[in-house]
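Enquirer: Sequence and predicted structure below; questions after.
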Amino acid sequence: MGKIIAVANQKGGVGKTTTAINLAASLAALEYRTLLVDADPQANATSGLGFDPASITTSIYECMVEDVKIQDIVLNSPNVEFLDLIPSHIDLVGAEVEMINVPNREEKMREALAPIKDVYDFIIIDCSPSLGLITVNSLTAADSVVIPVQCEYFALEGLGKLLNTIKIIQSRLNPELSIEGILLTMYDVRLRLSNQVVEEVKTHFQQMVFDTIIPRNVKLSESPSFGIPAILHDAESKGAMSYLNLAREIAEKNSVALAK
């Protein structure tokens with residue numbers, strides 16, 4: 001049975017979509033059957049894998065709002081073997097309003113993903129940068145959550161609110177939800193501030209923090225403009241290697257669970 005991992009942080013600009021794309025691609029590079037679910041109306045994960053969001057006619061929106069079968073909208077990555085995509089579309093912005101009176105509206109994504117969960121080793125969900133209904137749906141569907149935290153001054157701002165939201169979802173909607181780990185991103189070894197943030201996060205959260213730290217890297221910034229993950233743009237770049245190490249860390253952590 002596959003593991004569903006949500007990549008979530010309501011704070012924008014922390015490397016959430018970059019993490020979702022490159023983690024999914026790296027897991028696929030390790031030959032794990034991987035599905036990337038774009039649950040952000042901005043559809044950056046969709047374009048980051050080489051698809052034009054404007055040409056998408058059926059997306060995760062239709063699965064959640066109109067009960068379209070999710071297996072009918074899976075897109076195969078043109079560049080990465082073992083990697084598939086459930087695309088997003090700007091229409092997803094309206095989903096929260098349209099679902100307001102829908103029974104069990106927080107569980108629509110879990111219901112949508114259920115038929116294909118066993119097809120994949122890992123399902124990575126790129127959440128929207130908010131704590132709205134779509135993100136609640138993503139966390140309710142997930143087995144665990146990766147929390148990207150930027151190595152800058154406001155790194156811990158809002159983290160408490162996200163952890164509180166996770167606790168609420170654990171108590172009311174998804175008792176099996178766990179924290180896969182806190183991922184430090186945009187690390188610059190030259191800056192004292194980056195090192196201070198790393199020390200502070202590791203002191204507060206200890207074993208919850210991944211060993212892998214994602215550096216600031218030009219190749220990570222460039223690759224979305226080419227519609228490919230960093231591992232294809234420059235496999236030997238520090239950014240690509242770091243996400244490959246993260247994928248190995250997550251795969252090793254879940255090897256026992258996947259074997260079941």
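Expert: Noted; the coordinates are in hand.

Enquirer: Surely residue 116 touches residue 69?
Expert: No - Residue 116 is beyond contact range of residue 69, at 9.3 Å (criterion: Cβ atoms under 8 Å). Backbone N, C-alpha and C define where each C-beta goes, glycine included.

Enquirer: Look at those two and report which has more neighbours.
Expert: Neighbours per residue (other Cβ atoms under 10 Å) separate residue 116 from residue 69, with residue 116 holding more: 17 against 12.

Enquirer: where does the more buried one fall, phi/psi-wise?
Expert: The phi and psi torsions at residue 116 (degrees, to the nearest 10) take the values phi -120, psi 10.

Enquirer: Distance-wise, check it relative to residue 64.
Expert: Here residue 116 is placed at a distance of 14 Å from residue 64 (Cβ to Cβ, to the nearest Å).

Enquirer: How about residue 45?
Expert: Counting by Cβ to Cβ, the gap between residue 45 and residue 64 amounts to 16 Å.

Enquirer: Between those two, which is the more surrounded one?
Expert: A side-by-side neighbour count of residue 45 and residue 64, using other Cβ under 10 Å, places residue 45 first with 29 against 24.

Enquirer: so who does the more buried one touch?
Expert: Residues in contact with residue 45, defined by Cβ atoms under 8 Å, 6 or more residues apart in numbering, are 17, 20, 21, 36, 38, 85, 88, 126.

Enquirer: Surely the third one is within a helix?
Expert: Same thing as residue 21. Yes - when DSSP: H, G, I helix; E, B strand; the rest coil is applied, residue 21 is found to be in a helix.

Enquirer: Report how many residues lie close to the closest residue in space to it that isn't next to it in sequence.
Expert: Of all residues not flanking residue 21 in the chain, residue 48 sits nearest, at 4.5 Å (Cβ to Cβ, 6 or more residues apart in numbering). For residue 48, the number of neighbouring residues by other Cβ under 10 Å comes to 26.

Enquirer: thinking residue 48 is in contact with residue 17, fair?
Expert: Yes - using Cβ under 8 Å, residue 48 makes contact with residue 17 at a distance of 6.7 Å.

Enquirer: what touches both of those two?
Expert: Shared contacts of residue 48 and residue 17, defined by Cβ under 8 Å, 6+ apart, are absent.

Enquirer: Quick check: the residue nearest to residue 21 vs residue 74, distance?
Expert: As defined by Cβ to Cβ, residue 48 lies at a distance of 17 Å from residue 74.

Enquirer: which residues touch residue 162?
Expert: Counted by Cβ under 8 Å, 6+ apart, residue 162 has contacts 8, 9, 10, 131, 147.

Enquirer: Dump the helix or strand in which it is found to PDB, keeping only the CA atoms.
Expert: Under the assignment given by DSSP states H and E, the secondary-structure element containing residue 162 is helix 159-172. In PDB, the C-alpha atoms belonging to helix 159-172 read as follows (Å, rounded to 0.1, in the frame of the first residue of the first chain):
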ATOM      1  CA  LEU A 159       4.800  27.100  12.300                       C
ATOM      2  CA  GLY A 160       2.900  26.800  15.600                       C
ATOM      3  CA  LYS A 161      -0.400  27.500  13.800                       C
ATOM      4  CA  LEU A 162       0.300  24.800  11.300                       C
ATOM      5  CA  LEU A 163       1.200  22.300  14.000                       C
ATOM      6  CA  ASN A 164      -2.000  23.200  15.800                       C
ATOM      7  CA  THR A 165      -4.000  22.600  12.700                       C
ATOM      8  CA  ILE A 166      -2.300  19.200  12.300                       C
ATOM      9  CA  LYS A 167      -3.300  18.400  15.900                       C
ATOM     10  CA  ILE A 168      -6.900  19.400  15.200                       C
ATOM     11  CA  ILE A 169      -7.000  17.200  12.100                       C
ATOM     12  CA  GLN A 170      -5.500  14.300  14.000                       C
ATOM     13  CA  SER A 171      -8.200  14.600  16.700                       C
ATOM     14  CA  ARG A 172     -11.200  15.100  14.400                       C
END
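
Enquirer: Please identify the buried residues of it?
Expert: By neighbour count, with 16 or more other Cβ atoms under 10 Å as the criterion, the buried positions of helix 159-172 are 159, 162, 163, 165, 166, 169.
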